[in-house]
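A.B. asks: Coordinates only, no sequence provided:
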């Protein structure tokens, strides 16, 4: 992405269309899945057996959606089938990360958050400060996606490094005025804090002060969110993408059973993860996927609320995962896809979504 010659400013989806980018995405996910298969075969099998019914149902729908690829030319059909199976295998492979020792999980999340943060710092250092919200040739929402992922993953780690990463990621997202990333960071932080730490009087007072500050600082907030931009003010609609949404709804009407994963064009997908899911998997399949995603988030909420008896690290994991799922589920309204294989947003969502159920403490110790 940090390329002086590339131009991803006009359409974020163009980032996924470049030949070198595509090769890099496939190579990266291929190396990861190969490593998991060769070194953690038993863990892969055990994680598969510990997925919830909702998670298994999502995998099942993705598998059955291969039949939706059987249209148009053979090359497009082959690519669609390849991507569908790759998505299913990637989700199962990512679930294996949750089976390693908790300290290793924390280290993994911490290092990943630092890398995402360094991406933003490096992009600004190489390409310069934003001009018209674009960092060089990088569209602002595309630039902010790794920063949102870095913010979310940093909450799995306690300490000053995590605090620094969160401050930097939020500040850089504000620098390009990415509204969904800013709201996502705030929601992830609030959900994590409310479920991890008990509600105390000073927090209520801080919330009231924060709301009052928003009233007095509204001109500055308007500037940060670029609401003074004629193309982004509140009158442009909730997302400013009403035309794209209309095109997606027209595609759903024309193809109610879906057209297959990765077969929708940027305009047909509506630049909205949920609409694209309906376009790709159909009203029934896509609707069930969205329903089951909601079930997984609800289960994560119950796990975070009921984790008071666990050790502090496990409670932090549960709260951070819930906060991340809430933030990414909100962000999917503004991202081109709900599921993806090669970007920080999509992979982070798959990682948090397909966490297997935790074994009892005695079983973990024995393992």
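C.D. replies: Great, that's in hand. Owing to the predicted nature of the structure, the values given are computational and were not obtained by experimental measurement. Numbering: from 1, shown residues only.
A.B. asks: Next, give phi and psi for the nearest residue to residue 83 once chain neighbours are set aside.
C.D. replies: Of all residues not flanking residue 83 in the chain, residue 262 sits nearest, at 4.3 Å (CB to CB, 6 or more residues apart in numbering). Glycine gets a C-beta too; all of them are placed from N, C-alpha and C. Per-residue torsions, residue 262: phi 70, psi 20 (degrees, to the nearest 10).
A.B. asks: and if you look at residue 131?
C.D. replies: Torsion angles, degrees, to the nearest 10, at residue 131: phi -120, psi 110.
A.B. asks: The residue nearest to residue 83 reaches residue 280, doesn't it?
C.D. replies: Yes - the pair residue 262 and residue 280 qualifies as a contact (CB atoms under 8 Å) at a distance of 7.4 Å.
A.B. asks: if you count what's nearby, which of the two comes out ahead?
C.D. replies: For residue 262 versus residue 280, the count of surrounding residues by other CB atoms under 10 Å is larger for residue 280: 29 against 22.
A.B. asks: Report the mean per-residue pLDDT for whichever strand or helix holds the more buried one.
C.D. replies: Using DSSP states H and E, residue 280 sits in helix 273-305. Per-region confidence: helix 273-305 scores 93 on mean pLDDT.
A.B. asks: sorry, back to before: give me the distance between the residue nearest to residue 83 and residue 311.
C.D. replies: For residue 262, the distance to residue 311 equals 41 Å [CB to CB, to the nearest Å].
A.B. asks: Output the contacting helices and strands for the helix or strand hosting residue 115.
C.D. replies: For residue 115, the host element (DSSP H and E) is helix 102-127. In terms of contacts (3 or more CB pairs under 8 Å, 6 or more residues apart in numbering; DSSP states H and E), helix 102-127 is packed against helix 140-154, helix 160-175, helix 312-331.
A.B. asks: Out of those helices, which is the most enclosed?
C.D. replies: helix 140-154 (a mean of 29; mean count of other CB atoms under 10 Å).
A.B. asks: and it with helix 312-331, angle?
C.D. replies: Orientation check (axes from the mean of the first three to the mean of the last three CA atoms, to 10 degrees): helix 140-154 against helix 312-331 gives 160 degrees.
A.B. asks: Spell out the secondary structure type for the nearest residue to residue 346 once chain neighbours are set aside.
C.D. replies: Spatial nearest neighbour of residue 346, chain neighbours left out: residue 340 (2.6 Å); criterion: CB to CB, 6+ apart. Each residue gets one of three states, and residue 340 gets coil by DSSP: H, G, I helix; E, B strand; the rest coil.
A.B. asks: Compute the number of surrounding residues for residue 340.
C.D. replies: 23.
A.B. asks: Likewise for residue 103?
C.D. replies: Residue 103: 9 neighbours (other CB under 10 Å).
A.B. asks: what inclination does the helix or strand where residue 60 lies have with respect to helix 273-305?
C.D. replies: Assigned by DSSP H and E, residue 60 falls within helix 53-64. Interaxial angle, helix 53-64 versus helix 273-305 (the same axes, to 10 degrees): 150 degrees.
A.B. asks: Can you identify the element that follows helix 53-64 toward the C-terminus?
C.D. replies: The helix or strand immediately downstream of helix 53-64 is helix 74-95, counting by DSSP H and E.
A.B. asks: so where is the protein shaky, pLDDT-wise?
C.D. replies: Along the chain, the parts satisfying pLDDT under 70 run over 1, 4-22, 198-242, 307-310, 359-367.
A.B. asks: chain center to the helix holding residue 60: distance?
C.D. replies: Distance of helix 53-64 from the chain centroid (CA atoms, centre = their mean, to the nearest Å) equals 19 Å.
A.B. asks: Okay, buried residues for it please.
C.D. replies: Buried positions in helix 53-64, judged by neighbour count with 16 or more other CB atoms under 10 Å: 54-55, 57-59, 61-62.
A.B. asks: Could you list every helix and strand in contact with it?
C.D. replies: For helix 53-64, the packing partners by 3+ CB pairs under 8 Å, 6+ apart come out as helix 74-95, helix 273-305.
A.B. asks: Dump those into CSV; add distance to residue 104 as well.
C.D. replies: Listed next are the helices and strands packed on helix 53-64 as CSV, based on distance: least, CB to CB, whole Å:
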stretch, distance to residue 104
helix 74-95, 15
helix 273-305, 20
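A.B. asks: Packed most tightly, which of those would that be?
C.D. replies: Using mean count of other CB under 10 Å, helix 273-305 ranks as the most buried of these, with a mean of 20.
A.B. asks: what angle separates that one from helix 74-95?
C.D. replies: Here the directions of helix 273-305 and helix 74-95 differ by 10 degrees (the same axes, to 10 degrees).
A.B. asks: And helix 273-305, what does it pack against?
C.D. replies: Counting by 3+ CB pairs under 8 Å, 6+ apart, helix 273-305 packs on helix 53-64, helix 179-196, helix 242-254, helix 312-331, helix 344-353.
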